[in-house]
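Student: sequence and computational prediction follow.
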Amino acid sequence: MKRVKKVNPSAVFIAGFFALIIIGAILLSLPVSSANGESTPFFSSLFTAVSSTCITGLIVYDTFTHWSFFGQAVLLSLIQLGGLGFMTVATVFSLLFRRSVGQRERLLLAQNFNLDETSGIIRLVKLILAGTFSFEGAAAVVLSFRFIPEYGFLSGIWRGVFVSVSAFCNAGFDLMGSHGAFSSLTPYADDLTVNLTVCALITVGGLGFLVWQDIFSGKKFSEMSFQSKIVISFSGALIIIGAAAIFMIEFTNPETLGALSLKGKALSAVFQSVTARTAGFNTLDLAALREPSQIIMIILMFIGGSSGSTAGGIKTNTVAVLFFAAVSVIRGRKEAVVMKKRIPQDTVLRAFALVFISLMILLVFSFAISVAESIPFTASLFECVSAFCTVGLTLGITPSLSAFSLTLLMILMFLGRIGLLTLSVALFRKQASSENGVRYPEAKITIG
């Protein structure tokens, strides 16, 4: 029991991701991983490994033209491991070999899925694995049928599998470089099958594993948990608002929606709204978007998906908590109340701290890159938010950035994937424990 108590799940969680990144970088730097058979510079391999393990999608090389089949397979493995979490995979092997999963492993699993308790964690892991491979497999079949006529049998299947896993894990890596380097899914802006399939994968992957439990149990919306109701409501609202705004702003832009049919305009507006929730694919040239649309995408990227999912960002849960807290203050209440439920004060404080610290980090890093690269602040902010919120969308400047700026983006991707609260627990666990139970005198300060 004493050994279990000494385990710091946050530190192990961080160390595991770091080790996975280093192993991936070494494999990607091997000559066998590149299409031309030459070694890829380790720094570039490291950036790619960080991006894939942190399920981001920012790249310095086009995935299809630069990497060999082996290199692409390494990337896909890192994406899947990064999306599920290395502890989930380790648990799978334990279950396969009929080895019991101890309390230490359960604590690490709970940390991996942002849970406060370990009860039912093994059942949740089984649900996650079954759901993940079911969704990815079904989508891979649909996409393969769409790609085989265009790319051939084996190549079409490989693209279908790759895009399916990448979309579900909200990674944003693709193999469409044959249409042009860094083209992403722009050749399919008017394609109903590709758009709807990828959007469905991104949305399901970003809802969160705990929400799956409620959905798969067959509960009505009114019977679902408080968190599931909030996540589904806010996610749906953000997609609709984002799509409507992009549709109206870009409708007459000849470089984006203006050149498409009405169906293509609607599909592309919805797709950009969905993918900004941390997926990293794009069917429009994002650099050609009008500035208001880029700002909207920055906001959507910053919010991201939901807690306990493959998505990044500060999470819809966090935004919901702050929204309801603000509404309660306006109504003169001392506590945040919604749906006849009271949100604990410490949850509100954690949400505020997460948003405030995230904004400060993004401002500092964005200014640094803007000054170092002599680029507009909006463009720098777009790339930094994309990295920190593990989105992968880009205005096309990432491949041309200096080593200094790429290093900053790697730091942001790593921080965004492991989470600021996880990092703070790993660094300040002893200090927080020593101050538990200490109550200081109340201070008065005016606000507003």
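Tutor: Okay, I see it.
Student: quick one, what contacts Ser52?
Tutor: By Cβ atoms under 8 Å, 6 or more residues apart in numbering, the residues touching Ser52 are Gly24, Leu75, Leu78, Ile79, Gly82, Ala171, Phe173. Where C-beta positions appear, they are placed from N, C-alpha and C, glycine not excepted.
Student: let me fix that: Arg342
Tutor: Going by Cβ under 8 Å, 6+ apart, Arg342 touches Glu335, Ala336.
Student: shaky segments in the stretch 51-200 of the chain?
Tutor: 86-120 (pLDDT under 70).
Student: spell out the residue ranges of the helices in it.
Tutor: With DSSP state H, counting those that start in this stretch, the ranges of helices along the stretch 51-200 of the chain come out as 63-66, 69-84, 86-96, 103-112, 121-151, 153-168, 192-207.
Student: mind listing what's buried in the helix or strand harbouring Met413?
Tutor: Using DSSP states H and E, Met413 maps to helix 403-418. Buried residues in helix 403-418, counted by 16 or more other Cβ atoms under 10 Å: Ser405, Leu406, Leu408, Leu409, Met410, Leu412, Met413, Phe414, Leu415, Gly416, Arg417, Ile418.
Student: quick check: closest non-adjacent residue to the fifth one.
Tutor: Counting by Cβ to Cβ, 6 or more residues apart in numbering, Val50 is the residue found nearest to Met410 once chain neighbours are left out, at 4.7 Å.
Student: alpha carbons of the helix or strand where the one you found lies, as CSV, please.
Tutor: Using DSSP H and E, Val50 sits in helix 42-53. What follows is helix 42-53, C-alpha atoms only, in CSV (Å, rounded to 0.1, in the frame of the first residue of the first chain):
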residue,chain,number,x,y,z
PHE,A,42,16.8,14.4,-36.0
PHE,A,43,15.4,17.8,-35.1
SER,A,44,12.8,17.5,-37.9
SER,A,45,12.0,13.9,-36.9
LEU,A,46,11.6,15.1,-33.3
PHE,A,47,9.1,17.8,-34.3
THR,A,48,7.1,15.2,-36.3
ALA,A,49,7.2,12.7,-33.4
VAL,A,50,6.0,15.4,-31.0
SER,A,51,3.2,16.4,-33.3
SER,A,52,2.0,12.9,-34.0
THR,A,53,2.3,11.6,-30.4
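Student: going by neighbour count, list what's buried in it.
Tutor: Applying a neighbour-count criterion of 16+ other Cβ under 10 Å, one finds Ser44, Ser45, Leu46, Phe47, Thr48, Ala49, Val50, Ser51, Ser52, Thr53 buried in helix 42-53.
Student: dump the residue contacts of the second one.
Tutor: The contact partners of Ser45, by Cβ under 8 Å, 6+ apart, come to Gly24, Ala25, Ile26, Leu28, Ser29, Ser33.
Student: so what's the nearest residue to the last one once chain neighbours are set aside up against?
Tutor: Residue nearest to Ser33 in three dimensions, not counting chain neighbours: Gly71, with 3.5 Å by Cβ to Cβ, 6+ apart. When contacts are counted by Cβ under 8 Å, 6+ apart, Gly71 touches Leu28, Val32, Ser33, Ser34, Ala35.
Student: measure Gly71 to Leu30 for me?
Tutor: Going from Gly71 to Leu30 by Cβ to Cβ, to the nearest Å gives 8 Å.
Student: and Ala139, by the same measure?
Tutor: 30 Å.
Student: what's the closest non-adjacent residue to Thr48?
Tutor: Distances taken as Cβ to Cβ, 6+ apart place Leu28 nearest to Thr48, at 5.7 Å, with adjacent residues excluded.
Student: burial count for the one you found?
Tutor: 28 (other Cβ atoms under 10 Å).
Student: so it sits against Ser51, correct?
Tutor: No: in this structure Leu28 lies outside contact range of Ser51 using Cβ atoms under 8 Å: 10.8 Å.
Student: which neighbours do these two share?
Tutor: By Cβ under 8 Å, 6+ apart, no residue touches both Leu28 and Ser51.
Student: now the contacts of Ser45 as JSON lines including distance to Thr283, secondary structure and pLDDT?
Tutor: Shown next, in JSON lines, are the contacts of Ser45 (distance: Cβ to Cβ, whole Å; DSSP: H, G, I helix; E, B strand; the rest coil; pLDDT from 0 to 100):
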{"residue": "Gly24", "distance to Thr283": "28", "secondary structure": "helix", "pLDDT": "96"}
{"residue": "Ala25", "distance to Thr283": "30", "secondary structure": "helix", "pLDDT": "97"}
{"residue": "Ile26", "distance to Thr283": "34", "secondary structure": "helix", "pLDDT": "97"}
{"residue": "Leu28", "distance to Thr283": "27", "secondary structure": "helix", "pLDDT": "97"}
{"residue": "Ser29", "distance to Thr283": "32", "secondary structure": "helix", "pLDDT": "97"}
{"residue": "Ser33", "distance to Thr283": "28", "secondary structure": "helix", "pLDDT": "97"}
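Student: compare those residues and tell me which has the most neighbours.
Tutor: Leu28 leads the contacts of Ser45 on contacts (other Cβ under 10 Å) with 28 neighbours.
Student: average pLDDT across stretch 392-407?
Tutor: Average pLDDT, stretch 392-407: 94.
Student: for it, C-alpha coordinates in PDB please.
Tutor: Extracted as PDB, the C-alpha positions of stretch 392-407 are listed here (Å, rounded to 0.1, in the frame of the first residue of the first chain):
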ATOM      1  CA  GLY A 392      -2.700  21.000 -36.300                       C
ATOM      2  CA  LEU A 393      -4.300  23.600 -38.600                       C
ATOM      3  CA  THR A 394      -1.900  26.000 -40.100                       C
ATOM      4  CA  LEU A 395      -1.700  29.100 -42.300                       C
ATOM      5  CA  GLY A 396       1.200  27.500 -44.100                       C
ATOM      6  CA  ILE A 397       4.000  29.000 -42.200                       C
ATOM      7  CA  THR A 398       5.200  26.100 -40.000                       C
ATOM      8  CA  PRO A 399       7.500  24.500 -42.600                       C
ATOM      9  CA  SER A 400       9.400  27.800 -43.000                       C
ATOM     10  CA  LEU A 401       9.900  28.600 -39.300                       C
ATOM     11  CA  SER A 402      13.300  28.700 -37.700                       C
ATOM     12  CA  ALA A 403      14.500  26.100 -35.200                       C
ATOM     13  CA  PHE A 404      13.800  28.500 -32.400                       C
ATOM     14  CA  SER A 405      10.200  28.900 -33.400                       C
ATOM     15  CA  LEU A 406       9.700  25.200 -34.000                       C
ATOM     16  CA  THR A 407      11.100  24.500 -30.600                       C
END
